[in-house]
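[1] Predicted model and sequence follow; I will ask about them next.
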Amino acid sequence: MSRKSAPSSKVVTVQSQMQSSQSRNLPKKIPASQPTVAHIVEHTLGCKWMLEVLRLIRQGINRPGAMTRATEGLTTKVLNERLVDLVNFGIVEKVAYPEIPPRVEYKLTAFGSRFIEILDIIDDLEEYCQSRL
């Protein structure tokens with residue numbers, strides 16, 4: 001009987017090691033409560049595609065298929081992840097139309113419009129620093 005229990009304990013150890021090693025490779029999850037603006041700015045600036053997705057929405061490209069076609073290298077998977085983050089942060093709003101085929105669009109919320117102002121200030125600061133060189 002001890003032989004049967006030994007392999008099962010080993011399996012649990014391997015599974016727990018796999019879970020801990022997988023969790024180290026995963027990005028930080030968005031907190032369940034409303035994140036702070038500082039967290040949102042950090043997450044947005046730290047992501048390669050987040051600023052590009054926001055730029056597309058500001059330009060009026062607000063359908064996921066159009067966003068993917070407009071940006072070389074942006075995959076559907078990554079786009080959907082970024083859009084979910086933006087919706088969870090309250091920066092954009094998902095609008096689903098009851099049509100066949102289904103149509104989904106994303107637009108800036110009131111908070112999103114104010115949040116974009118922060119990014120505009122960062123762009124202005126970058127231009128200022130580049131002009132000084």
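    Structure's in. What do you need? Numbering: from 1, shown residues only.
[2] so how far is residue 132 from residue 94?
    From residue 94 over to residue 132 the distance is 41 Å, taken as Cβ to Cβ, to the nearest Å. The C-beta positions use only the backbone N, C-alpha and C, and glycine is treated the same way.
[3] So for the two, which sits in the more crowded spot?
    residue 94 (13 against 6; other Cβ atoms under 10 Å).
[4] which phi and psi does that one have?
    phi -90, psi 130 (degrees, to the nearest 10).
[5] Could I get the contacting residues of it?
    83, 87, 104, 105, 106 (Cβ atoms under 8 Å, 6 or more residues apart in numbering).
[6] Go again with 7 Å.
    87, 104, 106 (Cβ atoms under 7 Å, 6 or more residues apart in numbering).
[7] per-residue pLDDT, it?
    pLDDT for residue 94: 96.
[8] beta partners for it?
    residue 106 (DSSP bridges).
[9] Distance of it relative to residue 37?
    According to Cβ to Cβ, residue 94 stands 21 Å off from residue 37.
[10] returning to what we had before: if we take the contacts of residue 94, which one ends up nearest to residue 98?
    Closest to residue 98 out of these is residue 104 (11.1 Å), distances taken as Cβ to Cβ.
[11] any idea of the pLDDT on the nearest residue to residue 91 once chain neighbours are set aside?
    Once flanking residues are discounted, residue 91 sits nearest to residue 112: 3.9 Å by Cβ to Cβ, 6 or more residues apart in numbering. For residue 112, the model assigns a pLDDT of 95.
[12] Is there a neighbour count for residue 112? I'd like the number.
    Other residues within reach of residue 112, judged by other Cβ under 10 Å, total 20.
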